[in-house]
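**Student:** Just the structure for this:
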Amino acid sequence: MVDEYRQYVSGFVAVKERRAREFVQTYFSGDRLWPEPLVQLNPAFEAGRWVAELIKDGVLHPECETIFRRRESPNTAGKPIRLHRHQDDAIAASQTGKSYVLTTGTGSG
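**Tutor:** Predicted structure coming up:
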(Lines give C-alpha, C1' and ligand atoms only; values in the text may rest on other atoms or scores of the structure.)
Protein backbone atom coordinates (compact mmCIF):
# COMPACT_ATOMS: atom_id res chain seq x y z
CA MET A 1 0.00 0.00 0.00
CA VAL A 2 2.82 2.41 0.87
CA ASP A 3 4.57 1.72 -2.45
CA GLU A 4 1.35 2.38 -4.37
CA TYR A 5 0.86 5.65 -2.51
CA ARG A 6 4.51 6.59 -3.17
CA GLN A 7 3.97 5.99 -6.91
CA TYR A 8 0.75 7.99 -6.86
CA VAL A 9 2.34 11.01 -5.16
CA SER A 10 5.55 10.96 -7.18
CA GLY A 11 3.48 10.84 -10.37
CA PHE A 12 2.56 14.49 -9.78
CA VAL A 13 6.18 15.61 -9.67
CA ALA A 14 8.15 16.20 -12.86
CA VAL A 15 11.53 17.87 -12.41
CA LYS A 16 13.63 18.55 -15.51
CA GLU A 17 16.84 19.84 -13.95
CA ARG A 18 19.05 16.79 -13.29
CA ARG A 19 20.36 17.60 -9.80
CA ALA A 20 16.99 18.75 -8.52
CA ARG A 21 15.35 15.62 -10.02
CA GLU A 22 17.95 13.38 -8.31
CA PHE A 23 17.33 15.17 -5.02
CA VAL A 24 13.55 14.69 -5.30
CA GLN A 25 13.93 11.03 -6.31
CA THR A 26 16.23 10.40 -3.34
CA TYR A 27 13.79 12.18 -1.03
CA PHE A 28 10.88 10.10 -2.37
CA SER A 29 12.83 6.86 -2.02
CA GLY A 30 13.60 7.47 1.67
CA ASP A 31 11.38 6.71 4.65
CA ARG A 32 10.76 10.32 5.61
CA LEU A 33 7.48 10.62 3.69
CA TRP A 34 6.42 6.98 3.96
CA PRO A 35 6.48 5.66 7.53
CA GLU A 36 5.51 2.06 8.13
CA PRO A 37 1.71 1.80 8.27
CA LEU A 38 0.03 1.01 11.56
CA VAL A 39 -2.97 -1.25 11.08
CA GLN A 40 -5.20 -2.01 14.03
CA LEU A 41 -8.40 -4.00 13.94
CA ASN A 42 -10.70 -3.49 16.88
CA PRO A 43 -14.44 -3.54 16.23
CA ALA A 44 -15.17 -2.73 19.90
CA PHE A 45 -13.57 0.70 19.97
CA GLU A 46 -11.51 1.18 23.11
CA ALA A 47 -12.50 4.15 25.26
CA GLY A 48 -10.33 7.25 25.33
CA ARG A 49 -10.51 10.27 27.60
CA TRP A 50 -13.55 12.42 28.25
CA VAL A 51 -13.63 15.80 26.49
CA ALA A 52 -13.57 17.45 29.93
CA GLU A 53 -10.33 15.59 30.78
CA LEU A 54 -8.70 16.80 27.57
CA ILE A 55 -9.74 20.36 28.41
CA LYS A 56 -8.42 20.02 31.98
CA ASP A 57 -5.11 18.71 30.59
CA GLY A 58 -4.87 21.73 28.28
CA VAL A 59 -5.21 19.61 25.14
CA LEU A 60 -8.55 21.01 23.92
CA HIS A 61 -9.99 24.52 24.02
CA PRO A 62 -12.55 25.02 26.85
CA GLU A 63 -15.29 25.76 24.27
CA CYS A 64 -15.09 22.08 23.23
CA GLU A 65 -17.00 21.26 26.42
CA THR A 66 -20.00 23.11 24.98
CA ILE A 67 -19.60 21.98 21.36
CA PHE A 68 -18.93 18.27 21.79
CA ARG A 69 -21.98 16.98 23.62
CA ARG A 70 -24.49 14.25 22.93
CA ARG A 71 -27.77 16.12 22.48
CA GLU A 72 -31.17 14.51 22.27
CA SER A 73 -32.70 17.78 21.10
CA PRO A 74 -31.38 21.21 20.08
CA ASN A 75 -32.76 22.80 23.26
CA THR A 76 -30.80 20.68 25.75
CA ALA A 77 -27.25 21.07 27.05
CA GLY A 78 -26.61 17.42 26.23
CA LYS A 79 -24.46 14.80 27.89
CA PRO A 80 -20.65 14.82 28.06
CA ILE A 81 -18.78 12.88 25.41
CA ARG A 82 -16.03 10.34 25.90
CA LEU A 83 -13.82 9.90 22.85
CA HIS A 84 -12.77 6.58 21.41
CA ARG A 85 -9.12 5.74 22.04
CA HIS A 86 -8.22 6.21 18.35
CA GLN A 87 -9.71 9.72 18.46
CA ASP A 88 -7.71 10.51 21.59
CA ASP A 89 -4.57 9.09 19.91
CA ALA A 90 -5.23 11.19 16.79
CA ILE A 91 -5.42 14.35 18.89
CA ALA A 92 -2.11 13.40 20.52
CA ALA A 93 -0.56 12.73 17.08
CA SER A 94 -1.76 16.11 15.83
CA GLN A 95 0.08 17.85 18.65
CA THR A 96 3.47 16.41 17.69
CA GLY A 97 3.73 18.64 14.63
CA LYS A 98 4.43 15.60 12.45
CA SER A 99 2.29 14.43 9.57
CA TYR A 100 -0.12 11.62 10.28
CA VAL A 101 -3.01 9.79 8.67
CA LEU A 102 -5.89 8.35 10.65
CA THR A 103 -8.20 5.82 9.07
CA THR A 104 -11.02 4.28 11.01
CA GLY A 105 -14.21 2.35 10.54
CA THR A 106 -17.47 3.95 9.53
CA GLY A 107 -19.40 5.26 12.51
CA SER A 108 -16.38 5.24 14.81
CA GLY A 109 -16.03 8.99 15.03
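
**Student:** the strands in this structure, which residues?
**Tutor:** 47-50, 69-70, 79-80, 82-84 (DSSP state E).

**Student:** Check the ones you listed for me and report the most buried one.
**Tutor:** strand 82-84 (a mean of 18; mean count of other C-beta atoms under 10 Å). Where C-beta positions appear, they are placed from N, C-alpha and C, glycine not excepted.

**Student:** Quick one: residues in contact with that strand.
**Tutor:** For strand 82-84, contacts defined as C-beta atoms under 8 Å, 6 or more residues apart in numbering pick out F45, E46, A47, G48, R49, W50, V51, L54, I91, S108, G109.

**Student:** so the first one makes contact with R85?
**Tutor:** Put plainly, it is F45. Yes: using C-beta atoms under 8 Å, F45 is in contact with R85, at 6.8 Å.

**Student:** returning to what we had before: go through the contacts of strand 82-84 and say which is closest to R18.
**Tutor:** I91 (43.4 Å; C-beta to C-beta).

**Student:** any low-confidence regions in the chain?
**Tutor:** The chain contains residues with pLDDT under 70 at 40, 42-43, 107-109.

**Student:** Can you pull the domain assignment for it?
**Tutor:** Per automatic domain parsing, the structural domains of the chain span 1-37, 47-94.

**Student:** I'd like to know how far I55 sits from M1.
**Tutor:** Counting by C-beta to C-beta, to the nearest Å, the gap from I55 to M1 is 36 Å.

**Student:** Give me the more crowded residue out of the two.
**Tutor:** For I55 and M1, the more surrounded residue by other C-beta atoms under 10 Å is I55, and the numbers stand at 17 against 7.

**Student:** Pretty sure that one sits against H61.
**Tutor:** Yes: between I55 and H61 there is a contact at 7.4 Å, judged by C-beta under 8 Å.

**Student:** ok, back up a step: please work out which of the domains of the chain is packed deepest.
**Tutor:** Stretch with highest mean neighbour count among the domains of the chain: domain 47-94 (a mean of 14; mean count of other C-beta under 10 Å).
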